[in-house]
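>>> Show me how the following folds:
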Amino acid sequence: MDKPNSILMKIVLGLFLVLGSFFSFSQTVFRGTVADYDTGEPIAGATIFLANTTLGTSSDNEGKFSIYLHNGNYEVIIRMLGYEGLTFNLPAAMVKPQGYKFLLVAIDEELETQNVDDTRDQVWYRNLADFKRYFLGTSRNGESTEIENELSMILDDQSLPGHLIASSRDILKIKNPNLGYAIDYLLNEFRYDYQKGFVSYSGFPFFIPDSTLSKRKQRRVERNRVEAYHGSLQHFIKSVYYGRTMAEGFEIRRLYRKEDPVHRGKFIDSVAIDPITSIAIRKNRDRREYLEFSGYILVTYLKERESPLYLMGMRRGARNSQSSIMRMTVDSTEIFENGSLFDPLGLVVEGYIGWERFGDMLPIDYFPENDYEVRGN
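Below you'll find the predicted structure:
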């Protein structure tokens, strides 16, 4: 087989726990004031959001804000035009009830103001098409997703030969009509290796549900969200956490990979006959759950067929299940009940889940109605 097209996803920096309907957890109020570093004057209209969630707000005329948090860790983003932004990790258990004061440093207006030339050459548009393909994805959801301010992007295929490096002057304004979200995406890094077919990207998305949908369109969006969730990495990690991989339709097997001695750049994979349960890859230490395994695992989701779009370029028909290969780049990483990982860079995914990109991504506080209640396998 060819060298795998892997996706190293660093979408979420930190953990975001918003728990489902079977559980009742206390909430913590994260409150604070945003002010100017030099003058101490309050800043009204600053945006405060929790990355990869639908949770966010703006500071009022006195610079004050408050957000209700469920248990867990959050990556907090504070942004205001004309000021340097703040990004920091905040465990809900450590939130101080008296609140916080955040001082933003003003940016020189000459440095902040940038003219975005509307003209682009053919190379830029070719790079843009590649960026959309490998960032948004080629699934039905990915192809329908649009970047509304794509001219703000800096697309570099010269600094590192054989690589596409992307950044943006502004927060990307992304619209995903199939899943019913507008997304403000603070792109941190995007890199695609053309030779290895390897893509990595990181950033801070804030999901804004479309509140203008008719009842009919809302029902369609809900069906699309459920479909996007089932078989996703979030679904898999959550099922591992609760020990319900088999009940949720996942089959896990050990996979053994070695270099093909005849065909350079190719691999020979062999798969164990007997499946394993989540117990084999989940470790409990001090009442905390960790993903921990060596080598490779083959994860097959048995409850959905492959999309015909996934098969483009492949010389075979659609299978009745979706297969992905996973390996860890760290010895262990903590996992959480909402399907997130403490270190998203600690897991490399190829195959079907690796094919699903940002266009198929749901906020981490999304939960289908049939949530988890008890541990299983």
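
>>> Mind checking what helix or strand follows the helix or strand of the chain with the lowest mean pLDDT in sequence?
When the helices and strands of the chain are scored by mean pLDDT, DSSP states H and E, strand 6-10 comes last with a mean of 40. Once the chain leaves strand 6-10, the next helix or strand it forms, by DSSP states H and E, is strand 28-36.

>>> Now that following strand: buried residues?
T28, F30, R31, G32, T33, V34, A35, D36 (16 or more other Cβ atoms under 10 Å). For the C-beta atoms, the positions are set from N, CA and C on the backbone; glycine is no exception.

>>> residues contacting the fourth one?
Contact criterion Cβ atoms under 8 Å, 6 or more residues apart in numbering gives I48, K64, F65, S66, G99, Y100, K101, F102 as the residues in contact with G32.

>>> now those in a markdown table, with distance to K173?
Formatted as a markdown table, the contacts of G32 follow (distance: Cβ to Cβ, whole Å):
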| residue | distance to K173 |
| --- | --- |
| I48 | 18 |
| K64 | 27 |
| F65 | 22 |
| S66 | 26 |
| G99 | 31 |
| Y100 | 28 |
| K101 | 30 |
| F102 | 24 |
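
>>> which of these are buried?
By 16+ other Cβ under 10 Å, these give I48, F65, F102 as buried.

>>> Show the contacting residues for the spatially closest residue to S323 that is not a sequence neighbour.
Leaving aside its chain neighbours, S323 sits nearest to T300 (4.8 Å; criterion: Cβ to Cβ, 6 or more residues apart in numbering). Applying Cβ under 8 Å, 6+ apart, we find T300 in contact with F250, E251, I252, R253, S321, Q322, S323, S324.

>>> Mind doing that once more with 10 Å?
231, 249-253, 271, 275, 319, 321-324, 351-352 (Cβ atoms under 10 Å, 6 or more residues apart in numbering).

>>> one step back: I'd like the buried ones among the contacts of G32 laid out as JSON lines, including pLDDT and distance to K283.
Converted to JSON lines, the buried ones among the contacts of G32 look like this (pLDDT from 0 to 100; distance: Cβ to Cβ, whole Å):
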{"residue": "I48", "pLDDT": "94", "distance to K283": "35"}
{"residue": "F65", "pLDDT": "96", "distance to K283": "38"}
{"residue": "F102", "pLDDT": "96", "distance to K283": "37"}
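
>>> thinking again about what came up before, closest to E146 out of the buried residues of strand 28-36?
Within the buried residues of strand 28-36, the smallest distance to E146 is 31.0 Å, found for V34 (Cβ to Cβ).

>>> Which residues does that closest one form beta bridges with?
F102 (DSSP bridges).

>>> what's the pLDDT at it?
With respect to pLDDT, V34 scores 97.

>>> what does V226 give?
96.

>>> Just give the closest residue to it, not the sequence neighbours.
Per Cβ to Cβ, 6+ apart, closest to V226 is P368, 5.4 Å.

>>> and that neighbour, how far is that from L90?
According to Cβ to Cβ, to the nearest Å, P368 stands 27 Å off from L90.

>>> likewise E75?
8 Å.
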